[in-house]
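> A predicted structure for the sequence below; I have some questions about it.
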Amino acid sequence: MKEGREETDAVVSRVLDGDRDAYRRIVEEYEVKVRILLAAMLPDNFWVEDLTQEVFLTAFMKLSEYEIGTSFEAWIREIARNYARNERRRWIREHQAKERHRAEIERIAAERLDALAEGAGDDMVSTIHECIDELKDRTAGVVKAFYFDSESGRDIAEKQGKPEGWVRLVLYRARAAIAECMTRKGALGRV
């Protein structure tokens, strides 16, 4: 369709007059530009495909609002920007909420572990070490690095060539396995 604004306006007029198939020409002309804009604005490219479709569906539904003689590209890019901004806001809210909840869970767990540690004798400490030694080597290494060597999750992840979320998952599963082991050995009440 590369003929320019007049050609785009002519296609828009045809679509508004009922020629829905003509809309394909608009999609073909502007799809790449919309995808690039969305990819640049979104925190995760996972949504580019779906949002591109939504942008073109919205543009089709609101085509009568487009002012013939103005820049169709600017108009559809603004629709895309709005979708990207909304998705970005949603993503930020979701991740902030996850961080708040994660911090609260870690605070509660730390309080309980502190309480356990205060009442723990040498038998408890040796049982913890036995249970850690029962873990797979890689998991035990992550636990020891995090809890005994005070390495950050980020540092451990870099050494292991894994994302930081992997470290959190390994620690979560390791804590559950250690608690189960300690219960089995009679060092803890039922979890």
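Happy to help now that I have it.
> what about Thr52, neighbour count?
Using other Cβ atoms under 10 Å, Thr52 has 21 neighbouring residues. No exception for glycine: its C-beta is placed from N, CA and C like everyone else's.
> What helix or strand is it located in?
helix 48-61 (DSSP states H and E).
> average pLDDT across that helix?
Averaging pLDDT along helix 48-61 gives 93.
> Output that helix as CSV, restricted to C-alpha atoms.
Provided in CSV are the C-alpha atoms of helix 48-61 (Å, rounded to 0.1, in the frame of the first residue of the first chain):
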residue,chain,number,x,y,z
VAL,A,48,3.3,-8.1,21.5
GLU,A,49,1.3,-10.6,19.5
ASP,A,50,-1.9,-10.3,21.5
LEU,A,51,-1.7,-6.5,21.8
THR,A,52,-1.0,-6.0,18.1
GLN,A,53,-4.2,-7.9,17.4
GLU,A,54,-6.1,-5.8,20.0
VAL,A,55,-4.7,-2.5,18.5
PHE,A,56,-6.0,-3.4,15.0
LEU,A,57,-9.3,-4.6,16.4
THR,A,58,-9.7,-1.4,18.3
ALA,A,59,-8.7,0.7,15.3
PHE,A,60,-11.3,-1.1,13.2
MET,A,61,-14.0,-0.6,15.8
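> Return the distance of that helix from the chain's centre.
Centre-to-centre, helix 48-61 and its host chain are 21 Å apart (Cα atoms, centre = their mean, to the nearest Å).
> quick one: contacts of it?
15, 23, 26-27, 31, 34-35, 38-39, 42, 66, 75-76, 79-80, 83-84, 87 (Cβ atoms under 8 Å, 6 or more residues apart in numbering).
> hmm, 7 Å instead?
23, 27, 31, 34-35, 38-39, 42, 76, 79-80, 83-84, 87 (Cβ atoms under 7 Å, 6 or more residues apart in numbering).
> same deal with stretch 9-25?
Met1, Ile26, Phe60, Leu63, Ser64, Tyr66, Ile68, Gly69, Phe72.
> same question for that stretch, mean pLDDT?
Rounded mean pLDDT across stretch 9-25 is 93.
> Quick one: distance of it to the chain centre.
On Cα atoms, centre = their mean, the centre of stretch 9-25 falls 38 Å from that of its chain.
> Perfect, that will be all.
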